[in-house]
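In: sequence and predicted structure below; questions after.
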Amino acid sequence: MNNHRTPTVLRWTAATALLLLAAAAHAADASGNWTWSTPGRNGGPDRVSTLTLKAEGAKLTGKVSASGRDGKAVETPIADGKVDGDSIAFNVVREINGNSTTTKYAGKVSADKITGKIETNRDGQPQSRDWEAKRAADAK
């Protein structure tokens, strides 16, 4: 049996393992501050939302801050936050006029962007829209 190929196979195996480890180490991290804009009602100014996330393993925690109809910022904690590779999902539960409404966020994290869908019910009708948040520059 010819064993001169064994060192080559071992080198390729080791190189592949190192590449996989490096890819895992550089997986997109959802932790940080993210911002996006939503068009205002009836042609009003866009509303800017800020999302602060902390990913720990498969658990995702954080809060969303957005201006309310009175122009004041309203902070709401996220619920049921999950991380699975580069995918994230969480809910935001808000009280509006005495009614509780849940908005479901799902997306894929890349280096400086989250893209996905936002789903909610409005007046008993399911609604879905695209969502893209950008990583905010850290204040130093």
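Out: On my side now, so go ahead.
In: pretty sure K82 is touching F90, no?
Out: Yes. K82 sits in contact with F90 when judged by C-beta atoms under 8 Å, with a separation of 7.1 Å. For glycine as for every other residue, the C-beta is placed from the backbone atoms N, C-alpha and C.
In: so these two - more neighbours on which side?
Out: F90 (23 against 13; other C-beta atoms under 10 Å).
In: what lines up beside the helix or strand where the more buried one lies in the sheet?
Out: With elements taken from DSSP states H and E, the one containing F90 is strand 87-96. For strand 87-96, sheet partners with direction are given as strand 73-84 (antiparallel), strand 99-109 (antiparallel), following DSSP bridges.
In: identify the contacts common to K82 and F90.
Out: L60 (C-beta atoms under 8 Å, 6 or more residues apart in numbering).
In: mind putting the strands paired with strand 87-96 into CSV with mean pLDDT?
Out: Converted to CSV, the strands paired with strand 87-96 look like this (pLDDT from 0 to 100):
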stretch, mean pLDDT
strand 73-84, 94
strand 99-109, 93
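In: out of the ones you listed, the one nearest A30 is which?
Out: For the strands paired with strand 87-96, the distance to A30 is smallest for strand 99-109, at 4.9 Å, taking C-beta to C-beta.
In: sorry, back to before: ok, which of the strands paired with strand 87-96 comes nearest T115?
Out: Of all the strands paired with strand 87-96, strand 99-109 sits nearest to T115, with 5.7 Å by C-beta to C-beta.
In: show me the shaky parts of the protein.
Out: Screening the chain residue by residue with the criterion pLDDT under 70, one finds the ranges 1-27, 69-70, 138-140.
In: for it, which segments count as strands?
Out: Per DSSP state E, the chain has strands spanning 32-38, 47-56, 59-67, 73-84, 87-96, 99-109, 113-122, 125-135. These are given in chain order.
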